[in-house]
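Visitor: mind looking at a prediction? Sequence and model below.
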Amino acid sequence: MSDAVAAVELDGITKRFPGVVANDAVKLRVMPGEVHAVIGENGAGKSTLMKILYGMQRPDEGTIRVGGKEVHFRSPKDAIAAGIGMVHQHFMLADNLTVLENVVLGSEPTKGIVIDVAKAEGRIKELSGTYGLPLDPDRLVEDLAVGERQRVEIIKVLFRGARILILDEPTAVLVPHEVDDLFNHLRALKEEGVTILFISHKLEEVLALADTITVMRGGRTVATVKPEGVTRGQLAELMVGSELPRPETRESTVTKDVILSVEDVTVKSFDGRVLVEGVTFSVHRGEVVGIAGVQGNGQGELIEAIMGLLPLDRGRVRLGEQEISAWGTRERREAGIGYVPEDRTEQGLLLPSPVWENVMLGHQTSRPFSHGPWVDAAGARQRAEEVVKEFGVRTPGVDVAVYALSGGNQQKLIVGREMIAGPKVLIAAQPTRGIDVGAQAAVWDQIRRARIEGLGVVLISADLEELIGLSDSLWVIFRGRLVAKLDPQTVTPEELGVYMTGAKQEAAAG
Ligand SMILES: Nc1ncnc2c1ncn2[C@@H]1O[C@H](COP(=O)(O)OP(=O)(O)OP(=O)(O)O)[C@@H](O)[C@H]1O
Ligand SMILES: [Mg+2]
């Protein structure tokens with residue numbers, strides 16, 4: 001190790017939770033001005049370590065040094081004062097406020113003193129300029145794309161004077177061109193001397209961006225390597241301790257039976273804006289239908305309409321022969337439509353409830369969870385144990401509250417719950433978001449196997465490799481309309497990206 005003073009030095013950090021040692025005598029040394037990636041399996045302890053560095057959690061043991069000086073953070077406030085900022089995976093912006101208001105929110109002088117708007121605006125422009133992060137201070141956050149929102153979060157952190165920036169899975173929600181933008185911004189920040197800590201499950205990204213990579217496994221830091229010296233496969237091996245499975249070759253399992261049809265579906269917002277317009281497509285038994293699109297082009301509303309969570313302005317949805325357009329969400333689920341929602345913490349899970357109750361969510365009224373009006377807790381527990389085992393959910397047990405699971409393990413729980421119920425149709429949004437490479441391959445396998453048994457799937461995903469790799473049919477949605485149908489056997493992620501931006505369209509036939 002060099003003698004230079006590290007920007008951040010964590011030594012012997014241990015953090016215990018009931019039944020788990022999340023961080024076990026962790027050592028991490030981050031040099032000033034470097035991009036330092038932290039990678040590892042779901043539950044390896046990455047987020048916990050970052051939360052400790054950001055003052056959100058206190059370590060049971062160990063020391064933290066920032067710029068060579070030992071610190072004891074009691075809250076993020078202390079960390080911010082020490083020049084550390086964190087961008088969380090779930091953005092914490094207020095939608096109905098402007099960029100400017102969001103940036104100064106929380107750092108403006110309190111006690112009724114008026115914010116110096118002109119000064120704040122000047123400072124934002126200066127930061128945008130210095131770091132090449134274009135932003136219009138007057139725009140409403142609700143009108144921004146995901147990548148732009150993230151930029152606001154980063155500016156907000158810089159506005160508070162951060163010189164050390166922590167990003168926990170910043171690319172999970174971004175489409176490829178937004179990832180490119182983000183990486184350019186991060187490189188510019190680095191040029192200005194900002195130190196960056198970066199968590200990601202996407203190993204190509206890590207190799208492209210990081211100066212140093214630290215691998216965590218089971219709460220420990222097991223290796224620190226330079227990207228030049230390793231391959232993606234070697235990184236995965238360091239993470240999981242074994243070789244990655246190869247993707248299997250694909251044979252079509254598509255049958256002639258239509259299991260889900262979406263006919264001329266139009267969805268409008270409360271204020272009358274058209275969000276989904278005249279969408280028509282069908283899903284056959286054994287078919288995965290992928291829908292590619294830049295976030296915010298109506299794909300989210302489309303699947304919510306299929307689930308009965310949003311009303312149809314026009315059109316029909318059929319399950320097999322049966323029209324279900326007027327059915328409630330629960331009836332649709334009971335009839336065999338599984339659902340992996342886009343936002344796992346808001347729609348998919350009850351965070352304070354135990355794992356076994358969460359496995360029941362949305363399936364309360366069917367066996368093995370109920371006998372007549374009674375909830376069968378033993379049946380639910382057993383089902384939960386099965387999900388945990390089959391889908392590799394890392395948890396000390398099924399009685400643990402879901403908030404105590406790592407992000408990726410929460411996601412595995414939702415996917416497992418839906419798949420194990422044996423649905424006829426699965427509506428899946430970002431099914432592998434935040435899931436590590438090994439577990440991702442396992443989820444793909446589960447979907448492929450269920451497909452062979454006749455499952456029909458509607459898949460939306462920001463991961464274009466996943467969309468192309470899993471789909472039998474692939475549509476592109478742009479501004480609420482299906483604008484192209486592409487062949488997943490031949491299309492490349494780059495070509496798909498061009499269609500997604502609306503630069504290229506095809507007359508779309510159902
Ligand atoms: N508040 C908590 N209470 C109890 N256990 C927790 C809590 N937070 C995290 N854990 C446990 O600590 C371990 C590490 O979790 P952490 O969130 O740090 O993992 P991670 O590496 O970020 O995983 P992922 O890639 O899935 O996000 C996990 O076993 C998790 O269940
Ligand atoms: Mg995490």
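Guide: That came through, no problem. Ligands and ions are numbered 1, 2, ... in the order given.

Visitor: going forward, measure contacts and count neighbours with C-alpha atoms only.
Guide: Noted.

Visitor: in stretch 214-225, what counts as buried?
Guide: 214, 215, 216, 217, 218, 219, 220, 221, 224 (16 or more other C-alpha atoms under 10 Å).

Visitor: flag every residue of the stretch 351-500 of the chain that's near ligand 1.
Guide: For the stretch 351-500 of the chain, the residues in contact with ligand 1 (C-alpha under 6 Å from any ligand atom) are 395, 404, 405, 406, 407, 408, 409.

Visitor: got a markdown table for those residues, with secondary structure and neighbour count too?
Guide: Output for these, formatted as a markdown table (DSSP: H, G, I helix; E, B strand; the rest coil; neighbours: other C-alpha atoms under 10 Å):
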| residue | secondary structure | neighbour count |
| --- | --- | --- |
| 395 | coil | 20 |
| 404 | helix | 18 |
| 405 | coil | 20 |
| 406 | coil | 22 |
| 407 | helix | 19 |
| 408 | helix | 21 |
| 409 | helix | 25 |
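
Visitor: before we move on, back to that, of the buried residues of stretch 214-225, which is the nearest to ligand 1?
Guide: Ranked by distance to ligand 1 (C-alpha to the nearest ligand atom), those are led by residue 219 at 6.8 Å.

Visitor: please name the bridge partners of the residue nearest to residue 480 when sequence neighbours are not counted.
Guide: Nearest residue to residue 480 in three dimensions, chain neighbours excluded: residue 276, at 4.0 Å (C-alpha to C-alpha, 6 or more residues apart in numbering). Note on residue 276: beta-bridge partners residue 267, judged by DSSP bridges.

Visitor: can you count the residues close to residue 276?
Guide: 28 (other C-alpha atoms under 10 Å).

Visitor: ok, it to ligand 1 distance?
Guide: For residue 276, the distance to ligand 1 equals 33 Å [C-alpha to the nearest ligand atom, to the nearest Å].

Visitor: so for that residue, what's the pLDDT?
Guide: pLDDT for residue 276: 97.

Visitor: ok, it - contacts?
Guide: Neighbouring residues of residue 276 by C-alpha atoms under 8 Å, 6 or more residues apart in numbering: 265, 266, 267, 268, 298, 299, 301, 302, 479, 480, 481.

Visitor: same question for residue 254.
Guide: 284, 285, 286, 287, 472.

Visitor: next, it: secondary structure please.
Guide: Secondary structure of residue 254, reduced to three states by DSSP: H, G, I helix; E, B strand; the rest coil: coil.

Visitor: quick one: list the elements packing against the helix or strand hosting residue 316.
Guide: When elements are assigned from DSSP states H and E, residue 316 belongs to strand 314-319. Helices and strands touching strand 314-319, by 3 or more C-alpha pairs under 8 Å, 6 or more residues apart in numbering; DSSP states H and E, are strand 258-268.

Visitor: avg pLDDT for the strand it packs on?
Guide: 97.

Visitor: any buried residues in that strand, and which?
Guide: So for strand 258-268, counting by 16+ other C-alpha under 10 Å, buried means 258, 259, 260, 261, 262, 263, 264, 265, 266, 267, 268.

Visitor: is it true that the last one touches residue 278?
Guide: Just to be clear, that refers to residue 268. No: judged on C-alpha atoms under 8 Å, residue 268 makes no contact with residue 278 at a distance of 11.2 Å.

Visitor: just to revisit the earlier point, tell me the spacing between the residue nearest to residue 480 and residue 26.
Guide: To residue 26, residue 276 is 49 Å away according to C-alpha to C-alpha, to the nearest Å.

Visitor: and the residue of the stretch 251-400 of the chain closest to ligand 1?
Guide: residue 395 (5.7 Å).

Visitor: list the contacts of that residue.
Guide: So, once contact is read as C-alpha under 8 Å, 6+ apart, residue 395 ends up touching 388, 405, 409.

Visitor: pick the one among the residues you listed closest to residue 184.
Guide: Taking C-alpha to C-alpha as the measure, residue 409 is the one of these closest to residue 184, at 30.4 Å.

Visitor: the closest one touches residue 41, doesn't it?
Guide: No: here residue 409 does not reach residue 41: they are 9.8 Å apart, not a contact under C-alpha under 8 Å.

Visitor: which residues are common contacts for those two?
Guide: Common neighbours of residue 409 and residue 41 (C-alpha under 8 Å, 6+ apart) do not exist.

Visitor: quick one: low-confidence ranges for the stretch 401-510 of the chain?
Guide: Regions of the stretch 401-510 of the chain meeting the criterion pLDDT under 70 cover residues 506-510.

Visitor: the stretch 51-200 of the chain now?
Guide: Those would be 90, 106-115, if you go by pLDDT under 70 across the stretch 51-200 of the chain.

Visitor: again, but for the stretch 201-350 of the chain
Guide: 242-250.

Visitor: for residue 17, phi and psi?
Guide: Main-chain dihedrals, residue 17, degrees, to the nearest 10: phi -120, psi 160.

Visitor: show me what it is bridged to.
Guide: residue 20.

Visitor: what do you get for residue 165?
Guide: Counting by DSSP bridges, the residues bridging with residue 165 are residue 85, residue 196.

Visitor: the stretch 51-200 of the chain: strands as residue ranges?
Guide: With DSSP state E, counting those that start in this stretch as the criterion, the stretch 51-200 of the chain has strands at 61-66, 69-71, 84-87, 164-168, 195-199.

Visitor: which elements pack onto the last one?
Guide: Secondary structure elements in contact with strand 195-199, counted by 3+ C-alpha pairs under 8 Å, 6+ apart, are strand 35-40, strand 164-168.

Visitor: would you mark the buried spots in the first one?
Guide: When neighbours are counted by 16+ other C-alpha under 10 Å, the buried residues of strand 35-40 are found to be 35, 36, 37, 38, 39, 40.

Visitor: let me have those in a markdown table, extended by pLDDT.
Guide: Formatted as a markdown table, the buried residues of strand 35-40 follow (pLDDT from 0 to 100):
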| residue | pLDDT |
| --- | --- |
| 35 | 97 |
| 36 | 98 |
| 37 | 98 |
| 38 | 97 |
| 39 | 96 |
| 40 | 95 |
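
Visitor: what's the closest of these to ligand 1?
Guide: residue 40 (6.1 Å).

Visitor: doesn't residue 239 make contact with that closest one?
Guide: Yes: counting by C-alpha under 8 Å, residue 40 does reach residue 239; the two are 5.1 Å apart.

Visitor: next to ligand 1, which bits of the chain? Give me the list.
Guide: So far as C-alpha under 6 Å from any ligand atom goes, the chain lies against ligand 1 at 17, 20, 22, 41-48, 395, 404-409.

Visitor: hmm, try it at 8 Å
Guide: Within reach of ligand 1 by C-alpha under 8 Å from any ligand atom, the chain has these residues: 16-23, 39-49, 201, 216, 219, 394-396, 403-410, 434-436.

Visitor: taking strand 35-40 as reference, get the angle to the host helix or strand of residue 440.
Guide: Here residue 440 sits within helix 437-452, counting by DSSP H and E. Interaxial angle of helix 437-452 relative to strand 35-40 (axes from the mean of the first three to the mean of the last three C-alpha atoms, to 10 degrees): 50 degrees.

Visitor: export helix 437-452 as CSV, just CAs?
Guide: The C-alpha trace of helix 437-452 is given here as CSV (Å, rounded to 0.1, in the frame of the first residue of the first chain):
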residue,chain,number,x,y,z
VAL,A,437,-25.0,-11.9,-12.0
GLY,A,438,-25.3,-15.4,-10.6
ALA,A,439,-28.8,-15.0,-9.3
GLN,A,440,-29.8,-13.2,-12.5
ALA,A,441,-28.9,-16.2,-14.6
ALA,A,442,-31.0,-18.3,-12.1
VAL,A,443,-34.0,-16.1,-12.6
TRP,A,444,-33.6,-16.3,-16.4
ASP,A,445,-33.5,-20.0,-16.1
GLN,A,446,-36.7,-20.1,-14.0
ILE,A,447,-38.5,-18.0,-16.6
ARG,A,448,-37.3,-20.2,-19.4
ARG,A,449,-38.3,-23.3,-17.7
ALA,A,450,-41.8,-22.0,-16.9
ARG,A,451,-42.0,-20.9,-20.5
ILE,A,452,-41.5,-24.4,-21.7
